[in-house]
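J.: structure for this input, please:
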Amino acid sequence: MTTRWLEGAVVLPDRVVPHGLVALNGTHIIGVWDLEAAPRPEGQDDRNTTKLEKGYIAPGFIDQHVHGGGGADFAEGDPEGVAVITETHARHGTTGLLATTLTLPEDRIIRAIRAAKAAPRRGARVLGFHIEGPFINAKMKGAQDERYVRPASMAEVDRLLAEGEEEHAWHFTIAPEVADNLAAIRYLAQRGAVVSAGHTECTYAQLAQGIEAGVSHVTHLFNAMRGLHHREPGTVGGALTLPGITVELIADGIHVHPASMRVAVNARGADQVLLVTDAMAATGMPEGEYRLGELAVIVKDGAARLVSDGALAGSVLTMDAAVRNMVNLVGVSLPEAVAMASLNVARKQRLDHRKGAIAPGKDADVVLLDQNLRVMETIVEGTTVYSR
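T.: Numbering: from 1, shown residues only. The predicted model follows:
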């Protein structure tokens, strides 16, 4: 099996190695060298070496909250549509993602899961499933369909989990304050799922109760949740201060002001912030009219909004743009921004033993970025799935 060599600046979790070398063999990374501190390894073949004069070798991005792209939506339950989504996001450096569903009837959610499992393997890999709704608070539905909002049912949860395979990650967004949702949170946490508070009106105290039950994350921080008040810190105040949780940001500069994103990074620490796209079908497509589930959406000036009331309806963000925005708008370092899009997500989904960093033994999920942090090539498990 031929070894492929990548030479250039390597983005590690804690620093950038200005002159590094990465070796890929088959589906894995087999070596990483700092050429300013160590000699070149024997056997490096220039014929199989990609040299980046200006640019970066970074771990592939992992998007744990993505609904669609390229005109397709996971909720449509179409395997070919799933492949369009994974190809679309691979063009922007995403090598793995969680197929994210909407607030829909149970049979539609199951159909979406089955389609994601049956889809042709093109582009990013489907690493698991994010069930965003239906177990949310209708008062904070955002762009979710209120007709299908319902309290968590253990029987329904079991039927959803039964659709997964052993290697799949599971992530559920739940409003802790609704009905018997705390019992479902405890059950899901015991089953190994990541449980996230989102689309929620929970108070600071209710979020603390949710964390005690098993909540370990907060979905799209600041959006579709009770805000921060100086006498009632709310969901946002709890998300910024309570121990034991991570938070995710839709870093498009539309969902959250850059100053608020900076507050989140300063409060939680860069290692507890995850970047997501919350991308809908219009991602990678011209502006115009689209659908999110059964709801009509208009995309204009880079924002996706419901036709009915103007509420934000997901985004058209891509992970490479999110990384650029964190560096350029928020002022985090490149290693921090890349980790927010890779290692931090891999840790959250318990995938960091094989994904999320450039290190020997990890999967050969790599993105080559130019000096402006735009994607030149995306490599998934050793295979180039996109090249500019």
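J.: CA atoms for contacts and neighbours, from now on please.
T.: OK.
J.: can I take it that residue 195 is in a strand?
T.: Yes: under DSSP: H, G, I helix; E, B strand; the rest coil, residue 195 falls within a strand.
J.: give the contact list for it.
T.: If a contact means Cα atoms under 8 Å, 6 or more residues apart in numbering, then residue 195 has 171-174, 185, 188-189, 214-217 as its contacts.
J.: now, which of those residues sits nearest residue 123?
T.: Checking those against residue 123 with Cα to Cα, the nearest one is residue 171 at 21.5 Å.
J.: quick one: the closest one and residue 193 touch, right?
T.: Yes: using Cα atoms under 8 Å, residue 171 is in contact with residue 193, at 5.6 Å.
J.: wait, residue 385 touches residue 125, no?
T.: No: between residue 385 and residue 125 there is no contact under Cα under 8 Å: 10.6 Å.
J.: what do these two both touch?
T.: Common neighbours of residue 385 and residue 125, counting by Cα under 8 Å, 6+ apart, are absent.
J.: more neighbours: the two, which one.
T.: Neighbour totals were compared for residue 385 and residue 125, and residue 125 leads with 22 against 18 (other Cα atoms under 10 Å).
J.: okay, and the beta partners of the more buried one?
T.: Beta bridges link residue 125 to residue 96, judged by DSSP bridges.
J.: and it, how far is that from residue 196?
T.: 22 Å (Cα to Cα, to the nearest Å).
J.: residue 52 now?
T.: Residue 52 sits at a distance of 39 Å from residue 196 (criterion: Cα to Cα).
J.: of these two, who's got more company?
T.: More neighbours surround residue 196 than the other of residue 52 and residue 196, with 29 against 17 (other Cα under 10 Å).
J.: contacts only, for that one.
T.: 171-174, 215-219.
J.: go again with 6 Å.
T.: For residue 196, the contact set (Cα atoms under 6 Å, 6 or more residues apart in numbering) comprises 172-173, 215, 217-219.
J.: put the buried members of these into a ChimeraX selection.
T.: In ChimeraX, this line selects whichever of the contacts of residue 196 come out buried by 16 or more other Cα atoms under 10 Å:
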select :172,173,215,217,218,219
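J.: mind putting the contacts of residue 196 into CSV with distance to residue 245?
T.: As requested, the contacts of residue 196 are exported to CSV (distance: Cα to Cα, whole Å):
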residue, distance to residue 245
172, 14
173, 14
215, 7
217, 5
218, 7
219, 11
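J.: identify, from the contacts of residue 196, the entry nearest to residue 37.
T.: residue 217 (38.9 Å).
J.: this structure: helices as residue ranges?
T.: Under the criterion DSSP state H, the chain contains helices at 79-90, 106-118, 154-161, 181-190, 204-213, 234-241, 258-268, 319-325, 334-340, 343-348.
J.: now do the buried residues in the last one.
T.: It stands for helix 343-348. Under the neighbour-count criterion of 16+ other Cα under 10 Å, helix 343-348 has 343-346, 348 buried.
J.: export those to JSON lines and append columns for pLDDT and distance to residue 242.
T.: Formatted as JSON lines, the buried residues of helix 343-348 follow (pLDDT from 0 to 100; distance: Cα to Cα, whole Å):
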{"residue": "343", "pLDDT": "98", "distance to residue 242": "22"}
{"residue": "344", "pLDDT": "98", "distance to residue 242": "18"}
{"residue": "345", "pLDDT": "98", "distance to residue 242": "19"}
{"residue": "346", "pLDDT": "98", "distance to residue 242": "22"}
{"residue": "348", "pLDDT": "98", "distance to residue 242": "17"}
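J.: quick one, domains of the protein?
T.: Following automatic domain parsing, the chain resolves into domains at 3-59+356-387, 61-348.
J.: first vs last residue of the last one, how far apart are they?
T.: Translated: domain 61-348. For domain 61-348, the first-to-last residue distance is 13 Å (Cα to Cα).
J.: so what touches stretch 146-164?
T.: Residues outside stretch 146-164 that contact it (Cα under 6 Å, 6+ apart) are 103-104, 134-135, 138, 181.
J.: including distance to residue 41, could the helices of the chain go into JSON lines?
T.: Below are the helices of the chain laid out as JSON lines (distance: least, Cα to Cα, whole Å):
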{"stretch": "helix 79-90", "distance to residue 41": "31"}
{"stretch": "helix 106-118", "distance to residue 41": "40"}
{"stretch": "helix 154-161", "distance to residue 41": "46"}
{"stretch": "helix 181-190", "distance to residue 41": "45"}
{"stretch": "helix 204-213", "distance to residue 41": "48"}
{"stretch": "helix 234-241", "distance to residue 41": "45"}
{"stretch": "helix 258-268", "distance to residue 41": "38"}
{"stretch": "helix 319-325", "distance to residue 41": "31"}
{"stretch": "helix 334-340", "distance to residue 41": "25"}
{"stretch": "helix 343-348", "distance to residue 41": "27"}
